[in-house]
Each structure stands twice: as structure tokens, then as C-alpha cells.
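S.K.: here is my input, please return the structure:
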Amino acid sequence: MRKFLIILMWLVTSISVLLLVTLPVNLQTQLIAGASVLFLMMVLKTLNAGGIWRLIALAFGTAIVMRYVYWRTTSTLPPVNQLENFVPGFLLYLAEIYSVMMLALSLFVVSMPLPHRTTRPATKGELPSVDVFIPTYNEDIELLANTMAAAKAMDYPADKLTVWILDDGGTLQKRNADKIVESHIAEKRFKDLSELCEALGVHYLTREKNVHAKAGNLNNGLEHSTGELIAVFDADHAPTRDFLLETVGYFDEDEKLFLVQTPHFFLNPDPLERNLRTFEEMPSENEMFYGIIQRGLDKWNAAFFCGSAAVLRREALNVTGGFSGISITEDCETAIALHSKGWNSVYLDKPLIAGLQPATFASFIGQRSRWAQGMMQILRFRFPLFNGGLTIPQRLCYLSSTLFWLFPFPRAIFLVAPLFYLFFGLEIFTASGGEFLAYTLIYMVVNLMMQNYLYGAFRWPWISELYEYVQTVHLLPAVVSVALNPRKPTFKVTAKDERIDRSRLSELSTPFFVIFLVLLVGVGVTIYRIYTEPYKADVTLVVGAWNLLNLVFAGCALGVVSERGDKRPSRRVKVSRRCEFRVGERWLQGTIDDVSVNGLRVQVLGDVAEAVSVGMLTDVRFKTFATGDLGDLPLQVRNVRKQAGETSVGCMFMPDQPSDHSLIADLIFANSAQWTKFQLDRRGNPGLFKGTIWFFGVAIFQTYRGFSYLFRHLTGRGKREWEGTL
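M.R.: Predicted coordinates for the structure are as follows:
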């Protein structure tokens, strides 16, 4: 009876909302109603009202969105008999419907995400055996050494922990390649990496051929190992000491649990963060996914495997024959296969690894192209909505995750749509200036408010739109190609630990300057049309404002593709570790102030600047997190600075034996609390108004910076090293 009453209540509510949404009202009433809802949402947001009030605000916003969709469908489409207007007009309509559909799926997933899980630390009694897989293809051995050392240093019984390097760069096929250079490189890698693994106590494993890319490499590891659980880390994802103790405990609570996924935390900024200089002050793009979306997916038992920083149950993988390899995103595909078999997943929102992400814009686009193409393959081969093994919420969650990667199509349409009217006079959106104000503008602001409600401090206003725009230009052909030939894409490894020695324009920058100039011409045409056609001024002003907003994004993108030079190979992380620093035969008291994967800075007590010279070989001694014993790490001095009462010495690591990498890993990766603190320090919600002002200011400066880089490039200065002050 109670279930029947709930269904009846929902039916009555739904019918009432539909009647209100379709109620015919005049323009003034619509404007007042929209403004009232907007005011109510702002008040609730200002009061920081959560719980049921958050849902009420989102419900009011949804009503405005539905009202807009009804008006858009019934009153704005061009006549079908005017094909020159109807075809582009209908494409624009479909792009808007896609956006509304994705908003609806987002509301389902994250309107009330699962709260942060309380940790389930494992007891050191009966712990399961764990095989740690570190798949690698062409990554630098120094990078791998730090990851292996961090994995070996995890706080876990040694007899229950086995670390494996799964090397696809030294396969028999590569070592016997016809090209002698390729064969020599593979043979040397095989020898050097085998020796390093032996010295660190890590099992080295390669195979005959590179079949099925990363999925095949992981499955080869499954065939040669026996652990009850499998932990997977990318080559550049070094775990903290407590990674396993924080994750394996969940498997005791649920025998049908196949996955515990943790967030990917990155030591370095992506190209947008680096070139716009937002890394220290604004949450990273991936934090919206790992901080909100994965928690929303977790609520519906749909948190999925992200390829690294995760623990999986071998028994579950055996059910599906290992890691799935039909698509090039084996992680999400594997999760769908296991969820559809009735297995469960858990998402632990605590950064327990630190890794590297692409530094150059070209590598960033290459990585996102692989993700987009892989998700399109999953949409094609494992269409979530019709996957009978999934629950209905899981189908909607996976549908949201895969359909998201269609964004290049609507984003491209939103970019060019105003130009149809400005350049060709096509009326693809039939509405007056007043109707646009009452319906479209209110809808846009409400949409932004809803995003602010959903993602808050994890995503600042307009940043998602900027990320989508800079990807659209190059992802659109990639998505089209996989739609036409879904089996064509192949797995390509993302470049790790890149360095940009000098400021330069990205090799992918040309389309962005062309688009900016076309949109700028559109601004000129707007002014011309207002002057020559004053009777259409209201519509022209609206379309011109739309084009101007596109110009703002295009200008900001010029800064994204203007690569800042950075002589530092990696970002430094703030630490505070007591140490002793050797100067000649003396050991002086000091503090390790910051550290990176390449070096550290130590504050030495007293004025010893005269005794320390650049290029000098020395050592630093400190107590390790792992054992509390003293470790002695060789260094080379790179710079010296006098300070009040102490001397600041910047040093580069000079590891000459495998144990040195263990000390480096202990310095950088052992303490998970530092990653959590860094994330929390840069989380803050500027609000829609302040966030918009900030974004437009950034866009203006980045437009100037982009053209200054273009000028230097065209005048020949691009061939020389720039100072990179902009």
C-alpha cells in the first residue's frame, strides 16, 4: 500500500509540473516567474542551504529548464519548408536537447552524492595476498624506479605483497624487430629494467607480443601471479605507504566486491592549469570527476575502474576472463562487464597516489582523444541502456559517462550557430529579443546556477565550457572517425614527465587563431548589421552577444595553446622533514622544505653559503617514514641562497643505487595527508558572479598573451628561447 501511495504521489506531482510547464502565459509573466526562481535559488545558495533545500532549489531550476524546452520545441523552430533555415536550426535544437539530457543525467547522478566514506583500515591480522601490477610501455626507467620503490614501501606484510613490472617495451617481438635501432633499444630496456627490478625486489615480466595493449599486458600478469587481490598503478602513479591498508579492508565486508577505486592525484598541472596559472588556486579538472561524480556513481553502485590507483578481486576478474580489451578504455569496459555480472564496486575519496599528467597541449589532446574514442567504442559495443545485466540506475550512470564524450558535436554547433545569422542572414532560431530575455537568458543563468549547486567548489564558473571548447577542435574528428569505424582506434600511451624548455606556441594552435579571427569578424558584422538594419537590432544584439561570448572562450583558449616555458622538470611539493646536510666533513642540522621527483630544497642552519658551491656533490640524511631509520641520499647542489640565520640550498637527486630510489619515494610519496591538504587548500567556491568576473579577466589577459606569442613566432623569435614572463 505504501509503495502504491508513493507511486501515486509521484504521478500527481509529475502531472502537475507538466501542466505548469505547458501553461500558456504572456511574456511578462514568464519573465517574472523566471526571475523569481532565479532569486530563490540565489538566496538558498547564499544561505548555503543543503539537504532538502538543495533538492528544492534544483527542482525549481529543473522547472525553468523544462519550461524552456517546451517553448523551444513549440515556438522557435524554423518552418520545415525553409530548409536553409530549418536544417541548421534543427541541428542547434538537437545540440540544446543533448545539453538538457546531460543535465538530467547529471542531476540523477550527483544531485545527492554519497557522503565521503569512513575509512575501513585493514587490520594486520588475516590480510589477503596482493599482487601489485605496474604496466609499462616506453616510460623512463628513472620514473619507474620511484613508482616501484613506493610500491615496495607500502605498509603491508612482505609475505603477502608481490610487486610486478609488466613491461610491454621489452617484449620478444620488439627485441627481435627487423629495425636494428628498435631492437637495440628494446634489448637495453629489457636488460636495464630486469636488473633494476632484481635490485628492488620486484618481479619483472614481459611477453612475446604486444597483443591487446594494456588489457593484454594486465591479463598476462594475471596468468603469472596468484594474489587474491590485484592493485594496479600506472607507471607514473606512486602509492602512499597506507594505500593497501586503506583499501583492502572493504573486501572483507562484501564478498561480491570487485573494485575499490581511489582518486588520481597529480603532482603537475595540465596544460590549461599551467598556461593559465591556476594550478595552485583552483581545483583541477579531474577533481570534479573524482570529488563529486565518482561519489555520485558510487551511490548507485556504478563507480568504475579508472585504470590505476585501484584494487580488484582476482575471483571477479576470472569470471569475465580478465580485463576486457574490446575497446581502448579497458578500465571502464571491465567495470561494465563485472557490474553486469552482479559484482559491486566502492569508491574511496581519499588521494592515495601521486602521478603525472600530460604537460603539453598535444599530449593532453592525445590522451583525451583516446578516452573519447574508447567511450564511443563502449557506447557502440556495450550500449549501457540495453545492457540487461545492469540495474536501471547503473545503466543511467554508464550512459551519462559515455554520452558525455559526444560534447564536441554540440559545442561545435554552439560555436558556429550565431555566424549563420550574422554572415548569411539565416533565421535558425525564431524569437524576438524580449523572448530571448524571458526564456533563453533566464534558462542559461539557471543552468549555471544548477551547475554551481551540483559541483560547487570543485568546478568554477565557465571552466567546464573552456575545457570542452579547447578539446572540441581536435576531438571532433577523432569522435567522427570512431563513429564511422569503431574498431579502428588503437591504444596509445600518454607521454609522461614531459618538459617544455622554452615558451612556444603549441603545434596544435593554428585552428584556434583562425577561429578567433572568424569570430572577431562576426563582431564587426554585428555592428554593421545593427547600423544597416535597425529594425532587427534586438535580434542582432542577442546573436552578437552570443558570438561575443564565443569570442571570450576563443581568446582564453589562445592562452591555453601558448605553452609557457618552465625549466623545472616537475612541480615541487611542500614538506617539512628534519634532516642533516653534509658540508665537507661536517653534518649540519636542517629542514627539507620542498621536494620534487628530481630534487629538493633544504634549509641549513647557519650561514654556510661560502662553503657550499654550485655543482658540489653532497648528501642529505633523514629518518624514513617506512622504518624510522636514517637514510643517506646523494645530491648535487644547483643553487645557494643566503637567508636570515640559515642557508637555502637547492639540490638535484643523484641516485647511484636502487636503495636511493626508495629514499626518494619515501620523501615524496609516503605521506598521503599532504595530498589531501593540497586539494583542500585550493577548494573554494567563488560563486557565479565573482567567478564570471574572474573568468572574463583571465580571458582578456590570455587573448593578449596568445597574440604576443603569435607575434614572436611570426617574427622569428619562436626559434629562440623566450623569457616566458607572460
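S.K.: now the helices for the stretch 451-600 of the chain?
M.R.: Using DSSP state H, counting those that start in this stretch, the helices found in the stretch 451-600 of the chain span residues 463-484, 510-532, 537-560.
S.K.: longest strand of the protein, counting residues only.
M.R.: Counting by DSSP state E, the longest strand found in the chain is strand 630-643.
S.K.: pLDDT on that strand, on average?
M.R.: Here strand 630-643 scores 90 as its mean pLDDT.
S.K.: so whichever helix or strand comes after that strand versus strand 630-643, what angle?
M.R.: Next helix or strand after strand 630-643 toward the C-terminus (DSSP states H and E): strand 646-653. Between strand 646-653 and strand 630-643, the angle comes out at 130 degrees (axes from the mean of the first three to the mean of the last three Cα atoms, to 10 degrees).
S.K.: what does strand 646-653 rub up against?
M.R.: 581, 590, 593, 598-609, 612, 618, 620, 633-642, 660, 664 (Cβ atoms under 8 Å, 6 or more residues apart in numbering). In short, each C-beta sits where N, CA and C put it, glycine included.
S.K.: then stretch 68-81?
M.R.: For stretch 68-81, using Cβ under 8 Å, 6+ apart, the contacting residues are 21-22, 85-86, 89-90, 93, 96-97, 100, 427-431, 435, 439-440, 442-443.
S.K.: what do you get if the cut-off is 10 Å, keeping everything else the same?
M.R.: The contact list for stretch 68-81 (Cβ atoms under 10 Å, 6 or more residues apart in numbering) reads 18, 21-23, 30, 34, 84-90, 92-93, 96-97, 100-101, 426-431, 435-436, 438-440, 442-444, 446-447.
S.K.: just to revisit the earlier point, need the helices of the stretch 451-600 of the chain in CSV with mean neighbour count, can you?
M.R.: Below are the helices of the stretch 451-600 of the chain laid out as CSV (neighbours: other Cβ atoms under 10 Å):
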stretch, mean neighbour count
helix 463-484, 19
helix 510-532, 16
helix 537-560, 21
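S.K.: in what element of secondary structure is the nearest residue to residue 452 once chain neighbours are set aside found?
M.R.: Spatial nearest neighbour of residue 452, chain neighbours left out: residue 688 (5.5 Å); criterion: Cβ to Cβ, 6 or more residues apart in numbering. With secondary structure defined by DSSP H and E, residue 688 is part of helix 687-714.
S.K.: will you turn the helices of the stretch 451-600 of the chain into CSV that also has mean pLDDT and distance to residue 301?
M.R.: Converted to CSV, those look like this (pLDDT from 0 to 100; distance: least, Cβ to Cβ, whole Å):
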stretch, mean pLDDT, distance to residue 301
helix 463-484, 93, 26
helix 510-532, 96, 41
helix 537-560, 94, 37
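S.K.: in CSV: these, plus distance to residue 135.
M.R.: Shown next, in CSV, are those (distance: least, Cβ to Cβ, whole Å):
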stretch, distance to residue 135
helix 463-484, 23
helix 510-532, 34
helix 537-560, 30
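S.K.: surely residue 264 touches residue 349?
M.R.: No - look at residue 264 against residue 349 with Cβ atoms under 10 Å: they stay out of range, at 11.8 Å.
S.K.: and residue 618, what are its phi and psi?
M.R.: Main-chain dihedrals, residue 618, degrees, to the nearest 10: phi -150, psi -170.
S.K.: with the one 4 residues further on instead?
M.R.: As for residue 622, its main-chain torsions (degrees, to the nearest 10) stand at phi -150, psi 160.
S.K.: so what pairs up with it in the strands?
M.R.: Beta-bridge partners of residue 622, counted by DSSP bridges, are residue 631.
S.K.: contacting residues around it?
M.R.: Taking Cβ under 10 Å, 6+ apart as the test, what residue 622 contacts is 577-581, 590-592, 600, 602, 630-633, 663, 666-667.
S.K.: out of the residues you listed, which are buried?
M.R.: Buried members of those, counted by 16 or more other Cβ atoms under 10 Å: 577, 579-581, 590-592, 600, 602, 631, 633, 663, 666-667.
S.K.: nearest to residue 273 among these?
M.R.: Comparing these against residue 273 with Cβ to Cβ places residue 600 closest, at 23.2 Å.
S.K.: need the contact list for the closest one.
M.R.: So residue 600 contacts 572-573, 575, 577, 579, 592-594, 620, 622, 633, 635, 649-653, 664, 667-668 (Cβ under 10 Å, 6+ apart).
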